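*Asks:* Predicted model follows, preceded by the sequence.
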Amino acid sequence: MLEALTGTGLATAAGLNAYIPLLVIGALARWTDLMNLPAGWEWLENGWVLAVLAVLLALEVVADKIPGVDSVNDIVQTVVRPVAGGIAFGAGSSSQTAVVTDPQAFVESGQWVPVVVGIVMALVVHGAKATVRPVVNATTLGAGAPVASTVEDATSVGLSFAAILAPLLVLVALVGLVIVWFRFRARRRRGAAARETSPDVAPPPPPAGAP
């Protein structure tokens, strides 16, 4: 159960930012005793891998805070974030899926399931993020992009550490994210309904002398 929550939290974090959970996993495994990577996933704590992830994270942090560029970045990340989610879920839930020597045995063993679950979860979160961002940019004239991006990055960091250090907190975080998403959808629907019912042209003034 705890391993599933760890994987869920890491995959959700990857849906918001692909590189943060991978960096957290690798750094904690390399420099602390808080994370022990299962066989086949040790490459995540390699120094060169961590350096590349750090560079990619820096680029992501900058690009995601520039209105317009953030939407282009989201298109590119449609592939990257789900893949990162699969890796994060697999490593976080102690799945032995990083090295496949016998594809048939791999399929029959079911060891691919955690990776697929992580891919799907990260893709769903990414889809929600990519849907919200253009609305935020349009309603704030772009001023909300860096704020929204900072909140997403902070949430990804918090989820990543919570998933590893206190997996039960992932449930609380997921409930919070679901509530925020449904509130956003409800507010967007109310706005659309208001625009549909409001007249586009003001009614003509009554004729002079009319009661």
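*Replies:* It's in.
*Asks:* So which elements touch the longest helix along the chain?
*Replies:* For the chain, the helix that runs over the most residues, judged by DSSP state H, is helix 168-197. With contacts taken as 3 or more CB pairs under 8 Å, 6 or more residues apart in numbering; DSSP states H and E, helix 168-197 sits against helix 2-16, helix 113-140, helix 144-165. For the C-beta atoms, the positions are set from N, CA and C on the backbone; glycine is no exception.
*Asks:* and the second one, what other elements does it pack with?
*Replies:* Same thing as helix 113-140. Partner elements for helix 113-140 (3+ CB pairs under 8 Å, 6+ apart): helix 2-16, helix 69-92, helix 144-165, helix 168-197.
*Asks:* got the angle for the last one vs helix 113-140?
*Replies:* Angular relation of helix 168-197 and helix 113-140 on a 0 to 180 degree scale: 40 degrees, by axes from the mean of the first three to the mean of the last three CA atoms, to 10 degrees.
*Asks:* now helix 168-197, how far from the centre of its chain.
*Replies:* Chain-centre distance of helix 168-197: 16 Å, with CA atoms, centre = their mean, to the nearest Å.
*Asks:* Ok, stretch 155-173 next?
*Replies:* Centroid displacement of stretch 155-173 relative to its chain, using CA atoms, centre = their mean, is 13 Å.
*Asks:* Just the terminal-to-terminal distance for that stretch.
*Replies:* End-to-end distance for stretch 155-173, by CA to CA, to the nearest Å: 9 Å.
*Asks:* That stretch: which residues count as buried?
*Replies:* Along stretch 155-173, these residues count as buried under the neighbour rule (16 or more other CB atoms under 10 Å): 155-157, 159-164, 167, 169-170, 173.
*Asks:* got a list of contacts for it?
*Replies:* Here stretch 155-173 makes contact (CB atoms under 8 Å, 6 or more residues apart in numbering) with 2-3, 5-10, 12-14, 16-17, 20-21, 24-25, 28, 34-35, 92, 177.
*Asks:* let's see it at 6 Å
*Replies:* Contacts with stretch 155-173, where a contact means CB atoms under 6 Å, 6 or more residues apart in numbering, come from 2, 5-6, 8-10, 12-13, 16-17, 20-21, 24, 35.
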